[in-house]
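Q: give the three-dimensional model of this entry:
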Amino acid sequence: MLKRDNSAAPKLGDEAMWGANDTLSVRKGDAFVEVTPPLMHDPANHSGYPLVRKEEKRAIAQAIATKVLERLAAR
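A: Alright, predicted model coming up:
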């Protein structure tokens with residue numbers, strides 16, 4: 001779980017990196033955003049395998065970080 005991740009960091013902010021459990025950390029100027037995506041799907045509205053795939057977790061984290069950075073820039 002704590003193994004080093006050598007995949008490319010997303011092009012967000014001034015610096016970005018993936019951490020444990022696909023947590024996305026982004027710095028833009030003096031602002032810092034950290035997004036921890038969900039590990040499991042909500043069983044009430046998702047049938048099948050409950051764990052969220054790595055690619056899906058990363059897509060969720062990037063989408064949230066992008067929205068947060070857009071809102072910070074609008075201030």
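Q: got the contact list for the residue nearest to the spatial centre of the chain?
A: For the chain, the residue sitting closest to the mean C-alpha position, by CA atoms, centre = their mean, is Ala61 at 2.3 Å. Contact analysis of Ala61 by CB atoms under 8 Å, 6 or more residues apart in numbering lists Asp22, Thr23, Leu24, Val35, Thr36, Pro37. Where C-beta positions appear, they are placed from N, C-alpha and C, glycine not excepted.
Q: with only the CA atoms kept, save the helix or strand hosting it in CSV.
A: Assigned by DSSP states H and E, Ala61 falls within helix 54-74. The C-alpha trace of helix 54-74 is given here as CSV (Å, rounded to 0.1, in the frame of the first residue of the first chain):
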residue,chain,number,x,y,z
LYS,A,54,-7.6,2.4,-9.4
GLU,A,55,-8.3,4.2,-12.7
GLU,A,56,-11.8,5.3,-11.4
LYS,A,57,-10.4,6.5,-8.1
ARG,A,58,-7.8,8.6,-9.9
ALA,A,59,-10.4,10.1,-12.3
ILE,A,60,-12.6,11.0,-9.3
ALA,A,61,-9.7,12.6,-7.4
GLN,A,62,-8.6,14.6,-10.5
ALA,A,63,-12.1,15.8,-11.2
ILE,A,64,-12.5,17.1,-7.6
ALA,A,65,-9.1,18.7,-7.5
THR,A,66,-9.8,20.5,-10.8
LYS,A,67,-13.0,21.9,-9.5
VAL,A,68,-11.4,23.1,-6.3
LEU,A,69,-8.6,24.8,-8.1
GLU,A,70,-11.0,26.5,-10.5
ARG,A,71,-13.0,27.9,-7.5
LEU,A,72,-9.8,29.0,-5.8
ALA,A,73,-8.8,30.9,-9.0
ALA,A,74,-12.2,32.6,-9.2
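Q: tell me how far it is from the chain's mean position?
A: Chain-centre distance of helix 54-74: 6 Å, with CA atoms, centre = their mean, to the nearest Å.
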